[in-house]
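# structure for this input, please:
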Amino acid sequence: MAVAIITAGAAVVSGSWWIASLDSFAANRSAATDPGENSMDPEDRASAGSRAKDPAWKPSTTEADSIKVGDTKSRGALKNFCLNAEGNILACFGASVRVYSPEGALLKTLPLEIKPTAIAMAKDGAFFVAGGGRLLKLDAAGKVLASAASPTANEPVVITKEMEEMIKEMATQSKKPVKDETARMKESLERRRGDVTGLAATDQDVFMAVGAPCDFTYRVYRFDHALANPKLVVEKLRGCCGQMDIQARDEKLWIPHNARHSIESRDRDGKELAKFGTKGKVKATDFGGCCEPKNMRVLANGDILAAESGPPTCIKRFSADGKFKEVIAVLDTKGDCVRVTVEVSPDGSRYYLLDTEHDAIRVFKVKGG
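Alright, predicted model coming up:
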């Protein structure tokens, strides 16, 4: 498998880490040596101009629709989605999963005991959802078949030496006592223990990505389909903005390691098999922004869809060995450091992208299709 060189190091994120996510503060520590990436500046504008002249950035689809989930009163309630075998959309919305037709008609609402932030399908029509420190398996009608706690949900919060150093830096910046910043850190880590950022399923396994309760990294645990026998298979993943997606196909685990600007494939025990990705804002082959790609899908033929929150917000297609194929969609937005779940219809004619700002799923159709 072809492997590209990867730029190491944490990504740079602007804004308060208390508002965005714990890992943002860790990323901000590198801004002192590379401040140019921290905001939209002349370099960013120049990059946008270069992209506009590059034919490789010409998308193969056009935006055709936007499926609104919920209403204006519930803004921010749409967290994630996936497609089932029929091409229907299963959207994580509030304390429910809403099922929509490919055209956006609401078919049914499945109430849940949790507020799901991650979802994945099983081949038999069952599906998995997770959030708030819980993992559920449900049948197509929404009946709960199995339930389990996240392995980190009750794990004690530990302030490591690295975290102590960060707390001291924060206290210096905020001019507040170290004990106050330590208390705030512990409170945030307590909340983070229940976060679930990604789910993926194969014929025998269910993988769950969660935030570590002791630092800014992410872990991946493996369960069986009865949601038993949890095993830690990956740890110390670096992500930004509370995002660490995972996908799986053909018994392989795939990770868009966003703060490393790479896509990695691993076996079911977490052993790295291959990776690809380079950091850059101009070439279509590269992953731009502070921490990209945020999300991905592995298609039946092995191709990979990589979604970047931007700027620019976009969808790209790569071969299984990391060769760039095309830009599928480019959105005319400022971009933001958010989840951009990507999906494709069973017949390959439609692409879907999560728009958390508007509680919507944007739809793109192949040109001429």
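# middle-most residue in the protein, spatially?
residue 245 (3.6 Å; C-alpha atoms, centre = their mean).
# list the residues that contact that residue.
Going by C-beta atoms under 8 Å, 6 or more residues apart in numbering, residue 245 touches 197-198, 209, 255-256, 258, 294-296, 339, 341. Heads up, the C-betas are built off the backbone N, CA and C, glycines and all.
# which of the residues you listed has the most neighbours?
Using other C-beta atoms under 10 Å as the neighbour test, the contacts of residue 245 are led by residue 258, with 32 neighbours.
# got the phi and psi for that residue?
Here is the backbone geometry of residue 258 (degrees, to the nearest 10): phi -60, psi -40.
# just the strands in the stretch 201-350 of the chain please.
All strands of the stretch 201-350 of the chain, identified by DSSP state E, counting those that start in this stretch, fall at 205-211, 218-224, 231-237, 247-249, 252-257, 262-266, 272-276, 295-298, 304-308, 314-318, 324-330, 342-344, 350-355.
# paired strands for the fourth one, with orientation please.
Pairing partners of strand 247-249, with direction, according to DSSP bridges: strand 252-257 (antiparallel).
# quick one: mean pLDDT for the strand it pairs with?
Averaging pLDDT along strand 252-257 gives 98.
# touching, residue 135 and residue 150? I think so.
Yes: under the criterion of C-beta atoms under 8 Å, residue 135 makes contact with residue 150 at 6.4 Å.
# now for these two: what residues contact both?
In contact with both residue 135 and residue 150: 196, 208, using C-beta under 8 Å, 6+ apart.
# more neighbours, the two?
The neighbour count for residue 135 versus residue 150, taken as other C-beta under 10 Å, is higher for residue 135 (27 against 23).
# after whichever strand or helix holds that one, next one along is what?
Following DSSP states H and E, the helix or strand that holds residue 135 is strand 134-138. Using DSSP H and E, the helix or strand that follows strand 134-138 towards the C-terminus is strand 144-149.
# can you give the contact residues for that following strand?
For strand 144-149, contacts defined as C-beta under 8 Å, 6+ apart pick out 113, 126, 133-139, 223, 225-228, 230.
# mind showing which ranges of the chain have poor pLDDT?
Low-confidence segments of the chain (pLDDT under 70): 1-41, 72, 74, 369.
# give me the helices and strands touching the helix or strand residue 164 falls within, please.
Applying DSSP H and E as the criterion places residue 164 in helix 161-174. Helices and strands touching helix 161-174, by 3 or more C-beta pairs under 8 Å, 6 or more residues apart in numbering; DSSP states H and E, are helix 22-28, helix 178-192.
# let's see that helix as PDB, backbone CA atoms only.
Extracted in PDB, the C-alpha atoms of helix 161-174 (Å, rounded to 0.1, in the frame of the first residue of the first chain):
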ATOM      1  CA  LYS A 161       2.100  15.500  34.800                       C
ATOM      2  CA  GLU A 162       1.400  16.800  31.200                       C
ATOM      3  CA  MET A 163      -2.000  18.100  32.300                       C
ATOM      4  CA  GLU A 164      -0.400  19.700  35.400                       C
ATOM      5  CA  GLU A 165       1.900  21.700  33.100                       C
ATOM      6  CA  MET A 166      -1.100  22.800  31.000                       C
ATOM      7  CA  ILE A 167      -3.000  23.900  34.100                       C
ATOM      8  CA  LYS A 168       0.000  26.000  35.100                       C
ATOM      9  CA  GLU A 169       0.100  27.700  31.700                       C
ATOM     10  CA  MET A 170      -3.700  28.300  31.900                       C
ATOM     11  CA  ALA A 171      -3.400  29.800  35.300                       C
ATOM     12  CA  THR A 172      -0.700  32.100  34.100                       C
ATOM     13  CA  GLN A 173      -2.800  33.200  31.100                       C
ATOM     14  CA  SER A 174      -6.000  33.600  33.100                       C
END
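# residues near the residue nearest to residue 226 when sequence neighbours are not counted, how many?
Leaving aside its sequence neighbours, residue 226 sits nearest to residue 146 (C-beta to C-beta, 6 or more residues apart in numbering; 5.5 Å). If you count neighbours by other C-beta under 10 Å, residue 146 ends up with 17.
# next one: residue 89
That count, for residue 89 with other C-beta under 10 Å as the rule, works out to 25.
# so it versus residue 269, what's the distance?
Separation of residue 89 from residue 269 (C-beta to C-beta, to the nearest Å) stands at 32 Å.
# each with direction, which strands does the strand holding residue 135 pair with?
Next to strand 134-138 in the sheet, as set by DSSP bridges, lie strand 127-131 (antiparallel), strand 144-149 (antiparallel).
# of all these, which lies closest to residue 334?
Closest approach to residue 334 among these (C-beta to C-beta): strand 127-131, 28.0 Å.
# show me the helices in the stretch 1-150 of the chain, by range?
Under the criterion DSSP state H, counting those that start in this stretch, the stretch 1-150 of the chain contains helices at 22-28, 42-53.
# any chance you could list what contacts the last one?
Outside of helix 42-53, the residues that reach it under the criterion C-beta under 8 Å, 6+ apart are 36, 57, 281-282, 284, 288, 311-312.
# tell me which of those is nearest to residue 216?
For the contacts of helix 42-53, the minimum distance to residue 216 (C-beta to C-beta) is 21.9 Å, reached by residue 288.
# burial count for that closest one?
Close neighbours of residue 288, defined as other C-beta under 10 Å, add up to 24.
# can you check residue 191 too?
12.
# state the distance from it to residue 77.
Distance, residue 191 to residue 77, using C-beta to C-beta: 18 Å.
# how about residue 171?
Look at residue 171 and residue 77: by C-beta to C-beta, they are 35 Å apart.
# neighbour count winner among the two?
Legend: neighbour count by other C-beta under 10 Å for residue 171 and residue 77, higher for residue 77 (19 against 16).
# these two touch, right, residue 318 and residue 327?
No: with contact defined as C-beta under 8 Å, residue 318 does not count as touching residue 327 (10.9 Å).
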